[in-house]
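>>> I'll drop the sequence and a predicted model, then ask my questions.
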Amino acid sequence: MSLSRRNLVGASGLALLGAAAVSGRVQAQSIPEAPTTTTNTMQPPLYPKSGPDYQPVVTLNGWTLPWRQNGDWKEFHLVAEPVEREMAPGMIARLWGYNGQSPGPTIEAVEGDKVRIFVTNRLPEHTTIHWHGMLLPNGMDGVGGLTQPHIKPGKTFVYEFELKKSGTFMYHPHADEMVQMAMGMMGFFVVHPRDPDLYRVDRDFVFLLATYDIDPGNYLPKVHEMLNFNMWTFNSRVFPGIDHLVVRKGDRVRVRVGNLTMTNHPIHMHGYHFEVTCTDGGWVRPEARWPETTIDIPVGAMRAYEFVADVPGDWALHCHKSHHTMNAMGHDIRTFIGVNKREFAKQMRRMVPDYMPMGGAGMADMGEMEMPLPDNTLPMMTGFAQFGAVEMGGMFTVVKVREGLAAGDYKDPGWYQHPPGTVAWEWKGPTPTSTSAPGAKPVPRGGTPVQVVKPRGGHGSH
Ligand SMILES: [Cu+2]
């Protein structure tokens with residue numbers, strides 16, 4: 001070995017030694033395996049086998065990354081790579097993600113843990129990982145160019161830090177962000193309190209909001225899109241492909257929602273008044289929690305809410321922007337409400353033989369319509385439940401609260417069996433004709449009140 005080579009090794013060896021004193025790097029002798037999956041249904045929670053007890057989270061249509069203990073360190077291995085994600089049966093998206101899926105696996109650890117995360121880059125371009133919300137040394141913050149060199153294709157970098165606080169964090173690249181996040185690179189990082197009883201819940205669900213612009217018949221998102229997305233997803237899945245949140249009656253439930261899209265999403269849950277208990281800045285003190293039925297998830301933020309599941313049923317959980325509960329929607333669709341479709345369709349069919357008129361009385365008929373679709377796209381509104389078409393897509397799922405489930409049983413219990421007499425029902429008797437509200441002036445049928453302005457002075461000259 002030449003002297004210069006020896007010097008070079010010595011120099012980097014010195015740097016290693018300096019870091020080792022802080023990080024215990026000498027213990028990082030080998031890279032742990034990188035578990036991978038192509039499954040897109042919710043995997044069972046990963047209960048801790050050692051260390052402090054905690055209630056593990058479940059990731060809608062996702063999974064938790066297994067780790068190995070190496071001395072004081074919990075070691076994880078993330079692989080950034082191209083993946084295929086089924087968004088709902090009938091549509092596949094070619095995305096970038098981690099360990100076989102997008103979003104990446106959820107990372108779970110405990111406050112005070114030392115974590116060592118190996119990140120291997122199998123993308124065609126460089127990347128990094130930023131640990132969103134995490135309090136850590138600056139050089140572990142993952143901002144390419146600013147706090148570290150980029151991870152070139154084929155290379156593996158190591159991140160090491162101690163988990164200072166419990167809470168809910170996220171991970172995503174801080175390198176060519178516009179492309180890499182538009183391609184689906186993101187994941188959750190949940191840190192449980194060291195005290196197993198602190199803020200303990202019985203069920204803990206996590207999902208990330210992600211949006212894509214994928215033209216019907218295509219597989220790749222258009223990465224330059226900023227506002228006009230057409231796939232509005234929970235964990236890169238759309239209704240009816242999104243897992244239900246199965247809950248045992250009486251359980252205390254937490255739902256953690258992270259937003260890595262380019263717009264806010266007001267997440268609304270039916271049937272309950274919940275409390276906001278955590279942001280990506282940490283836990284909300286119990287005396288500062290506030291009641292909600294809709295929680296707006298700002299861009300680049302996480303909100304967790306909790307409730308006690310005391311009312312059984314099938315409760316809708318969805319984004320309240322109504323365009324976000326639609327799939328593959330063309331935004332240039334005209335509004336046809338009030339148009340006589342029959343005459344219009346006759347004229348259209350002269351030009352377009354298969355033309356199907358839609359939306360003459362609203363858009364609800366689209367929910368039940370079976371139209372031929374291009375390959376690899378989804379109907380705009382779809383999904384059926386026990387009473388018919390739900391007329392939703394996108395960011396919509398169901399919280400299923402049931403009596404008598406076993407702890408940790410997340411299996412779909414089917415649709416809710418309503419007690420007799422508790423479902424809205426059709427009136428079959430006579431319906432009286434409309435009458436004016438007491439004190440109101442008569443209104444001409446079928447129109448807004450016409451304001452009659454009498455000419456002043458009775459001359460009628462105008
Ligand atoms: Cu939304």
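All right, it came through fine.
>>> Now the terminal residues of stretch 409-425, how far apart.
Its start and end residues considered, stretch 409-425 measures 33 Å (C-alpha to C-alpha, to the nearest Å).
>>> list the buried ones in it?
Buried positions in stretch 409-425, judged by neighbour count with 16 or more other C-beta atoms under 10 Å: 410, 413, 416. From N, CA and C alone the C-beta is placed, and that goes for glycine too.
>>> ditto for stretch 132-145
By neighbour count, and taking 16+ other C-beta under 10 Å as the criterion, the buried residues in stretch 132-145 are 132, 133, 134, 136, 140, 141, 142, 144.
>>> Who are the contact partners of the residue lying closest to the last one once chain neighbours are set aside?
Among residues not flanking residue 144 along the chain, residue 175 sits closest, at 3.7 Å (C-beta to C-beta, 6 or more residues apart in numbering). The neighbourhood of residue 175, defined by C-beta atoms under 8 Å, 6 or more residues apart in numbering, consists of 126, 127, 128, 144, 145, 150, 151.
>>> Now restrict these to buried residues only.
Among the contacts of residue 175, those classed as buried by neighbour count (16+ other C-beta under 10 Å) are 126, 127, 128, 144, 150, 151.
>>> quick one: the last one and residue 113, what's the gap?
Spatial separation of residue 151 from residue 113 under the definition C-beta to C-beta, to the nearest Å is 23 Å.
>>> do residue 157 as well
When distances are taken as C-beta to C-beta, residue 157 and residue 113 turn out to be 20 Å apart.
>>> same thing with residue 127?
Residue 127 is 24 Å from residue 113, where distance means C-beta to C-beta.
>>> low-scoring stretches of the stretch 1-150 of the chain, by residue?
Applying pLDDT under 70 to the stretch 1-150 of the chain picks out residues 1-28.
>>> That one: helices as residue ranges?
Under the criterion DSSP state H, counting those that start in this stretch, the stretch 1-150 of the chain contains helices at 3-23.
>>> in it, which spans are strands?
Along the stretch 1-150 of the chain, counting by DSSP state E, counting those that start in this stretch, strands occupy 58-59, 68-70, 73-88, 91-98, 107-110, 114-121, 130-132.
>>> Can you give the strand pairings for the last one, parallel or anti for each?
Partners of strand 130-132 in the sheet, by DSSP bridges, are strand 167-172 (antiparallel).
>>> Only alpha carbons, please: show the very next helix or strand once past the strand it pairs with as PDB.
Sequence-wise, the next helix or strand downstream of strand 167-172 (DSSP states H and E) is helix 177-182. Coordinates of the C-alpha atoms in helix 177-182 are reproduced here as PDB (Å, rounded to 0.1, in the frame of the first residue of the first chain):
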ATOM      1  CA  GLU A 177     -38.200  17.300  -3.500                       C
ATOM      2  CA  MET A 178     -40.700  18.400  -6.100                       C
ATOM      3  CA  VAL A 179     -40.100  15.200  -8.100                       C
ATOM      4  CA  GLN A 180     -39.400  12.800  -5.200                       C
ATOM      5  CA  MET A 181     -42.400  13.700  -3.100                       C
ATOM      6  CA  ALA A 182     -44.700  13.900  -6.200                       C
END
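>>> Give me the distance between helix 177-182 and the centre of its chain.
Averaging C-alpha positions (C-alpha atoms, centre = their mean, to the nearest Å) puts helix 177-182 16 Å from its chain's average.
>>> Contacts for that helix next, please.
96, 123, 125, 127, 172-173, 212-213, 221-225, 260.
>>> Pull the contacting residues for residue 109.
Residue 109 makes contact with 67, 74, 115, 163, 190, 191, 192, according to C-beta under 8 Å, 6+ apart.
>>> repeat for residue 261
209, 210, 211, 229, 299.
>>> Mind doing that once more with 7 Å?
Going by C-beta atoms under 7 Å, 6 or more residues apart in numbering, residue 261 touches 209, 210, 211, 299.
>>> For PyMOL, write the select line for the buried members of the residues you listed.
Burial among the contacts of residue 261 is assessed by 16+ other C-beta under 10 Å; the matching PyMOL selection reads:
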select buried, resi 209+210+211
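>>> Would you mind trimming the contacts of residue 261 to those in range of the ion?
With C-beta under 5 Å from the ion as the criterion, no member of the contacts of residue 261 is in contact with the ion.
>>> Would you give the sheet partners of the helix or strand containing residue 209, along with the direction of each?
Under the assignment given by DSSP H and E, the secondary-structure element containing residue 209 is strand 203-212. Within its sheet, strand 203-212 is paired with strand 58-59 (parallel), strand 231-234 (antiparallel), strand 252-259 (parallel), according to DSSP bridges.
>>> Can you add mean neighbour count and distance to the ion and give these back as JSON lines?
Supplementary listing: the strands paired with strand 203-212 in JSON lines, determined by neighbours: other C-beta atoms under 10 Å; distance: least, C-beta to the ion, whole Å:
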{"stretch": "strand 58-59", "mean neighbour count": "25", "distance to the ion": "19"}
{"stretch": "strand 231-234", "mean neighbour count": "28", "distance to the ion": "6"}
{"stretch": "strand 252-259", "mean neighbour count": "23", "distance to the ion": "9"}
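>>> Can you lay out those strands as CSV showing distance to residue 295?
As requested, the strands paired with strand 203-212 are exported to CSV (distance: least, C-beta to C-beta, whole Å):
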stretch, distance to residue 295
strand 58-59, 19
strand 231-234, 14
strand 252-259, 8
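>>> Could you work out which of these reaches nearest to residue 320?
Residue 320 lies closest, by C-beta to C-beta, to one member of the strands paired with strand 203-212: strand 231-234, at 11.8 Å.
>>> Please list the residues outside the closest one that contact it.
Where contact means C-beta under 7 Å, 6+ apart, the residues beyond strand 231-234 that reach it are 60, 87, 207, 209-212, 214, 238, 242, 319, 324, 327-328, 394-395, 397.
>>> before we move on, back to that, biggest separation within the contacts of residue 261, which pair?
Using C-beta to C-beta, the contacts of residue 261 span at most 12.1 Å, a distance reached by 210 and 299.
>>> just checking, residue 277 touches residue 302?
No: shown here, residue 277 and residue 302 do not form a contact pair, counting by C-beta atoms under 7 Å, at 11.5 Å.
>>> shaky segments in the stretch 301-450 of the chain?
In the predicted model, the stretch 301-450 of the chain carries pLDDT under 70 at residues 328-373, 380-381, 441-450.
>>> for the ion, what are the nearby residues on it?
If contacts are counted using C-beta under 5 Å from the ion, the residues of the stretch 301-450 of the chain sitting beside the ion are 319, 321, 324.
>>> Now for residue 299: which residues touch it?
Under the contact definition (C-beta under 7 Å, 6+ apart), the residues listed for residue 299 are 259, 261, 262, 263, 264.
>>> whoops, residue 291 was the one
Contacts of residue 291 by C-beta under 7 Å, 6+ apart are 273, 275.
>>> If we use 8 Å, what do you get?
273, 274, 275.
>>> and those, which are buried?
Among those, the ones that count as buried by 16+ other C-beta under 10 Å are 274, 275.
>>> and which of the contacts of residue 291 is nearest residue 281?
Distance to residue 281, by C-beta to C-beta, is smallest for residue 275 among the contacts of residue 291, at 16.5 Å.
>>> Serialize the buried residues of stretch 409-425 to JSON lines and add fields for secondary structure.
Written out in JSON lines, the entries for these read as follows (DSSP: H, G, I helix; E, B strand; the rest coil):
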{"residue": "410", "secondary structure": "coil"}
{"residue": "413", "secondary structure": "coil"}
{"residue": "416", "secondary structure": "coil"}
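>>> Okay then, goodbye and thanks.
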